[in-house]
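Undergrad: what shape does this take:
(one chain, ligands or ions: 3)
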Amino acid sequence: MAVDLLLGLQWGDEGKGKIVDVLTSKYDIIARFQGGPNAGHTLVFNGRKHVLHTIPSGIFHDDTINLVGNGVVIDPVIFKKELDKLDEQDVDYKKSLLISRKAHIILPTHRLLDAASETAKGKAKIGSTLKGIGPTYMDKTGRNGIRVGDIELADWKTKYRALANKHQAMIDFYNVDIQYDLEELEAEFFEAIETLKSLQFIDSEEYVHQAQKAGKSILAEGAQGSLLDIDFGTYPYVTSSNTTAAGACTGLGVAPNSIGKVYGIFKAYTTRVGSGPFPTELFDADGETMGRVGHEFGATTGRPRRCGWLDLVALRYACQVNGVTELIMMKGDVLSGFKTLKVCTSYKYKGEDISHLPYNIEEQNVTPVYTELKGWDADLTGMTEASQLPAALNDYVTFLEDQLNIPITVVSVGPDRKQTIVRS
Ligand code: GDP
Ligand code: IMO
Ligand code: MG
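TA: Numbering: from 1, shown residues only. Ligands and ions are numbered 1, 2, ... in the order given. Model (predicted):
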């Protein structure tokens, strides 16, 4: 059976966690394929909010398998904290949570290296979540990493020590003021490793292959968003993994010809957290309203998210790179009350009007060209049926569908599972 994908099309935080949770009842397996605890996926149901970082967003459904794929990087300390939270809520994950032996492990010194690298960059810093993502993927591609399967081996601590020592020398080389107590960090790390070991480690590509053969339905849950992709994002202000569709193939061992639906998820406006270009960013009262009404603060770091109008140049690009088959529009409710909405339909670039994403999208290179649409006033948060949606919102959605040539099948009108409207 084909594997479906759910991918963020902007700079992350589109609402992936919410929609994966909503879709989980249709799937046997939910699988994360890249990223790590830099992600913060929020789920809201029964009056409670849950934030997941590494654990797939299907974990609250009893009959679903949740797989952490080979492309993911795991920080055992953060993972243990996530498990502790699940324990508090009596979520029985022992049978349903599976970990790939090929997933890489984030060491305490990876986190320190992240901090040293960012400090050394000064003003040019990426705005990393400082979870050690970049350094861990560097060790993966540099063929130095420690994988989940390694911690089952007797001599893995020797390998650990050698790598941690090397990292310490690298931290010294940066010559920046990073205070740390490695002994304390390691005590916490090794304790968390024991917790990790109590879970089921599997050869996940074989598991996925057999599941496909047995007709099981699988949804791959993306982290971050297409514009943070290491190849296709706004480099160097990106994360260190392939967040786009191809990442699901390498991060799970799924063949490209067995990808089915590709759900592309986007906010009705745009947000970004951390550094890097953002052509439609607002610095006025409209941006402030989006941030306030949309509660735009990072689910992992708590940092305020930068806000701006929807950018169709960037969205079109993301749809192309991913082969999106269905679109899901989030946070429509946040735009209620704007008299006029702007949507960027092209960029002015070197004196020309262009509709593709060029190499340089910094402020000095591109100026967004906007189309104005009528806003709506109604409070959408109590709506449950497409027929209740205001005409101006339907016009906004239809405009986007025409521009992107892909149907928008779901409109989300609030953070709760129930605040999800399916369009025919
Ligand atoms: P993810 O990283 O893509 O899973 O997204 P985050 O959880 O980081 O950020 C999305 C935020 O928007 C969370 O606080 C969600 O609870 C919230 N959210 C999701 N969908 C909606 C929606 O339709 N309306 C509103 N107002 N909030 C939403
Ligand atoms: P979810 O899955 C939003 C951003 C960081 C920084 C850059 C690199 O919740 O959508 P990293 O920690 O990977 O070195 O940071 O990427 N970033 C995210 N922004 N949502 C995320 O994940 C993000 N994960 C990383 O803010 O700009
Ligand atoms: Mg998030």
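Undergrad: burial measure for the residue in the chain that ligand 2 sits nearest to, as a count.
TA: Proximity of the chain to ligand 2 (C-beta to the nearest ligand atom) peaks at G274, 2.1 Å away. C-beta here means a position set from N, CA and C on the backbone, and glycine is covered the same way. For G274, the count of nearby residues is 21 (other C-beta atoms under 10 Å).
Undergrad: could you do E183 as well?
TA: 7.
Undergrad: what's the answer for D84, then?
TA: By other C-beta under 10 Å, the residues close to D84 number 10.
Undergrad: which of the helices or strands spans it?
TA: helix 76-88 (DSSP states H and E).
Undergrad: list the neighbouring strands of the next helix or strand after that helix plus their orientation.
TA: Going down the chain from helix 76-88, the next helix or strand is strand 97-100, by DSSP H and E. Strand 97-100 has the following strand partners under DSSP bridges: strand 65-68 (parallel), strand 200-202 (parallel).
Undergrad: rewinding a little: thought the residue of the chain closest to ligand 2 was touching E118?
TA: No. Applying C-beta atoms under 8 Å as the test, G274 and E118 come out as separate, 10.3 Å apart.
Undergrad: list residues touching both of the two?
TA: Shared contacts of G274 and E118 (C-beta atoms under 8 Å, 6 or more residues apart in numbering): 126, 128.
Undergrad: assign the residue of the stretch 51-200 of the chain found nearest ligand 3 to helix, strand or coil.
TA: Nearest to ligand 3 in the stretch 51-200 of the chain, going by C-beta to the ion, is V51, at a distance of 8.2 Å. Of the three states, V51 takes strand under DSSP: H, G, I helix; E, B strand; the rest coil.
Undergrad: still on that earlier bit, is ligand 2 within reach of the helix holding D84?
TA: No. Remark: helix 76-88 sits outside contact range of ligand 2, by C-beta under 6 Å from any ligand atom, the gap being at least 12.2 Å.
Undergrad: buried stuff in that helix?
TA: Buried positions in helix 76-88, judged by neighbour count with 16 or more other C-beta atoms under 10 Å: 76-83, 86.
Undergrad: now find how far off-centre that helix is within its chain.
TA: From the chain centre to the centre of helix 76-88 is a distance of 19 Å (C-alpha atoms, centre = their mean, to the nearest Å).
Undergrad: for the nearest residue to the residue of the chain closest to ligand 2 once chain neighbours are set aside, give its distance to P256.
TA: Closest residue in space to G274, ignoring its immediate chain neighbours: G127 at 2.8 Å, by C-beta to C-beta, 6 or more residues apart in numbering. G127 is 32 Å from P256, where distance means C-beta to C-beta, to the nearest Å.
Undergrad: pLDDT of stretch 200-217, averaged?
TA: For stretch 200-217, mean pLDDT rounds to 98.
Undergrad: now do the helix holding D84, average pLDDT.
TA: Here helix 76-88 scores 98 as its mean pLDDT.
Undergrad: just the CA trace of that helix, in CSV.
TA: Taking Å, rounded to 0.1, in the frame of the first residue of the first chain, the C-alpha atoms of helix 76-88 are listed here in CSV:
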residue,chain,number,x,y,z
PRO,A,76,17.4,10.7,24.8
VAL,A,77,17.0,13.3,27.6
ILE,A,78,14.2,15.2,25.7
PHE,A,79,12.7,11.9,24.6
LYS,A,80,12.5,10.7,28.2
LYS,A,81,10.8,13.9,29.2
GLU,A,82,8.2,13.3,26.5
LEU,A,83,7.7,9.8,27.8
ASP,A,84,7.3,11.0,31.3
LYS,A,85,4.5,13.3,30.2
LEU,A,86,2.8,10.4,28.4
ASP,A,87,3.1,8.3,31.6
GLU,A,88,1.4,11.1,33.6
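Undergrad: helices or strands up against that helix?
TA: With contacts taken as 3 or more C-beta pairs under 8 Å, 6 or more residues apart in numbering; DSSP states H and E, helix 76-88 sits against helix 182-197.
Undergrad: what are the ranges of the strands in the stretch 1-150 of the chain?
TA: For the stretch 1-150 of the chain, applying DSSP state E, counting those that start in this stretch gives strands covering 3-8, 29-32, 41-45, 48-52, 65-68, 73-74, 97-100, 104-105.
Undergrad: got it, and the stretch 151-300 of the chain?
TA: Along the stretch 151-300 of the chain, counting by DSSP E, counting those that start in this stretch, strands occupy 200-202, 218-221, 259-267, 270-272.
Undergrad: now these in JSON lines, with distance to K26 and mean neighbour count?
TA: Formatted as JSON lines, the strands of the stretch 151-300 of the chain follow (distance: least, C-beta to C-beta, whole Å; neighbours: other C-beta atoms under 10 Å):
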{"stretch": "strand 200-202", "distance to K26": "23", "mean neighbour count": "16"}
{"stretch": "strand 218-221", "distance to K26": "8", "mean neighbour count": "28"}
{"stretch": "strand 259-267", "distance to K26": "10", "mean neighbour count": "23"}
{"stretch": "strand 270-272", "distance to K26": "28", "mean neighbour count": "25"}
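Undergrad: so for I406, which of the ones you listed sits nearest?
TA: The closest of the strands of the stretch 151-300 of the chain to I406 is strand 259-267. By C-beta to C-beta, the value is 7.3 Å.
Undergrad: does the closest one come close to ligand 2?
TA: No. Contact of strand 259-267 with ligand 2 is not found when judged by C-beta under 6 Å from any ligand atom; the minimum separation is 9.9 Å.
Undergrad: packing partners of the top helix by length along the chain?
TA: Taking DSSP state H as the criterion, the chain has its longest helix at helix 156-174. Packing partners of helix 156-174 (3+ C-beta pairs under 8 Å, 6+ apart): helix 108-121, helix 182-197.
Undergrad: CA atoms of the last one as PDB?
TA: Coordinates of each C-alpha in helix 182-197 appear next as PDB, following Å, rounded to 0.1, in the frame of the first residue of the first chain:
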ATOM      1  CA  LEU A 182      29.700  17.700  31.300                       C
ATOM      2  CA  GLU A 183      29.600  15.300  34.200                       C
ATOM      3  CA  GLU A 184      26.100  16.500  35.100                       C
ATOM      4  CA  LEU A 185      24.900  16.400  31.500                       C
ATOM      5  CA  GLU A 186      26.300  12.900  31.000                       C
ATOM      6  CA  ALA A 187      24.600  11.600  34.200                       C
ATOM      7  CA  GLU A 188      21.300  12.800  32.800                       C
ATOM      8  CA  PHE A 189      22.100  11.400  29.400                       C
ATOM      9  CA  PHE A 190      23.100   7.900  30.500                       C
ATOM     10  CA  GLU A 191      20.000   7.700  32.700                       C
ATOM     11  CA  ALA A 192      17.800   8.600  29.700                       C
ATOM     12  CA  ILE A 193      19.600   6.100  27.500                       C
ATOM     13  CA  GLU A 194      18.400   3.400  29.900                       C
ATOM     14  CA  THR A 195      14.800   4.600  29.500                       C
ATOM     15  CA  LEU A 196      15.300   4.600  25.700                       C
ATOM     16  CA  LYS A 197      16.500   1.000  25.900                       C
END
